[in-house]
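**Student:** could you work out the structure for the sequence below:
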Amino acid sequence: MRITSIDLENFRSHSRYSETFEKGINLILGRNGSGKSSIIEAIGLALFGGGLRDKQEDAIKWNERRSRITVTFLADDGLEYRVEKVFGTGSSHELHQGDLLIARGKENVIEKIRIICGLQGDISKTFENVIVAFQNRIADQFLGSPAARRDYFNRVFQVDLYRKISTDFMRSYLTDLRNENEAIEREIAFMEQQMERKAEVEERVKTLSEDLSRAKEELKSLEDALKKVKAERLRLEEIGRELSSKRGQFEQQLKSLRDEAGSLKGNLRQRERAVEAKEIVDKSREGHDLYERLLEKENALSAEKRRLEGLGERSAAIEKRIAELQTEVARFSGALSNSEERLEESEKQFEELKKEREELRRKMEEAEREGGKKREAYNLCLSRKEAFRVIL
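**Tutor:** Below is the predicted model:
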């Protein structure tokens, strides 16, 4: 706090007094009874709530109805405040900051000043006993008994407050020490427990390290296996493409085989209906024995015919099996990634069917050749049989 100015109106002996104070030391000089102490008293009344030396009526100049004290000061927050205290008519006590009313009433004003100026304790006592020394009272505090002096200075310097602060601090400090000690003891117990578990933890770490190494090795093995599986998949896809190509070729060969079988059946039926009776009659003049031989040949030809028909049924069965194989190949193509064994089996069946088809074709060709010979013999037999009937 730094007081910057004071203005008195009808206060004690002053009708009007106004003064501005500079930073540093300011001197107020005058004769005895000129009102120097009244200026100090006015500052104490306005700022610190000090008491009057006499009755309140004595604060008002003779024959006046009211007096006014105005003090301006700089507070610890760097702002300038103004205090106005009025005695007599319309008495008041107000604190302003510029045009703004901050507090009103003695207790409110003094408390606000104590806060903004950072003062402690009873500031009115501090003002009277420490800041100023009134006339005729400067030595009173030093002339009393030791107990009175101790009590006075304890109040002035707020020794009890510091004693209380010290006691509370020590109590709080001891509590903190106890809490810290308990925390340290808990930490020590925890560390001892952790040390007891150290061997177990180390063994666990060792086991986990070994598991990690094995896992890495297994991962590498799986990666290698995955590479092999991918390579095998590519190989199977290539086999699938080759199989698709072979399937097309097989279907083409199957179509040709069907056409040949149909042609063979047509020729067989056409040749069975061929009658060359006239030529056979002209050539046939043999007897009953010849008839028997021809009859045996007829039976043989019938058996051969049935065999050929059986071959036709076998051909149909082969065609059905080929259709089933085609279905199997199509299903195998859709599940190629996990059907290597079925693919190999289908390839084997396909090769076996090819061999069987070739064997069937060979037998049919032989049957065709044999059938041609036997048909000629059969026709000859029929001619002779007819001729034999004519003879009989």
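**Student:** you'd agree residue 83 is in a strand?
**Tutor:** Yes. With DSSP: H, G, I helix; E, B strand; the rest coil as the criterion, residue 83 is located in a strand.
**Student:** which helix in the protein has the most residues?
**Tutor:** When the chain is scanned for its longest helix (criterion: DSSP state H), the result is helix 198-273.
**Student:** remind me what it packs against, helices and strands.
**Tutor:** With contacts defined as 3 or more CB pairs under 8 Å, 6 or more residues apart in numbering; DSSP states H and E, helix 198-273 has these neighbours: helix 288-334, helix 340-391. Quick note: C-beta positions are derived from backbone N, CA and C, even for glycine.
**Student:** now the helix or strand where residue 177 lies: average pLDDT?
**Tutor:** Remark: residue 177 resides in helix 159-196, with elements defined by DSSP states H and E. Across helix 159-196, the average pLDDT comes to 79.
**Student:** check stretch 266-273 too.
**Tutor:** Mean pLDDT, stretch 266-273: 67.
**Student:** least confident secondary structure element in this structure?
**Tutor:** Within the chain, confidence by mean pLDDT, DSSP states H and E is lowest for helix 277-283 among all helices and strands, at a mean of 52.
**Student:** surely residue 45 touches residue 69?
**Tutor:** Yes. Taking CB atoms under 8 Å as the definition, residue 45 is a contact partner of residue 69 at 6.2 Å.
**Student:** got the angle between the helix holding residue 177 and helix 198-273?
**Tutor:** In terms of direction (axes from the mean of the first three to the mean of the last three CA atoms, to 10 degrees), helix 159-196 departs from helix 198-273 by 50 degrees.
**Student:** hang on, the earlier thing: what is in contact with residue 45 and residue 69 at once?
**Tutor:** Listed as contacting both residue 45 and residue 69 by CB atoms under 8 Å, 6 or more residues apart in numbering are residue 85.
**Student:** those two: which is more packed in?
**Tutor:** residue 69 (27 against 23; other CB atoms under 10 Å).
**Student:** show me what contacts the more buried one?
**Tutor:** Residue 69 sits next to 6, 7, 8, 9, 11, 42, 45, 46, 83, 84, 85, 86 when contact means CB under 8 Å, 6+ apart.
**Student:** at 7 Å instead, please
**Tutor:** Neighbouring residues of residue 69 by CB atoms under 7 Å, 6 or more residues apart in numbering: 8, 11, 42, 45, 46, 85.
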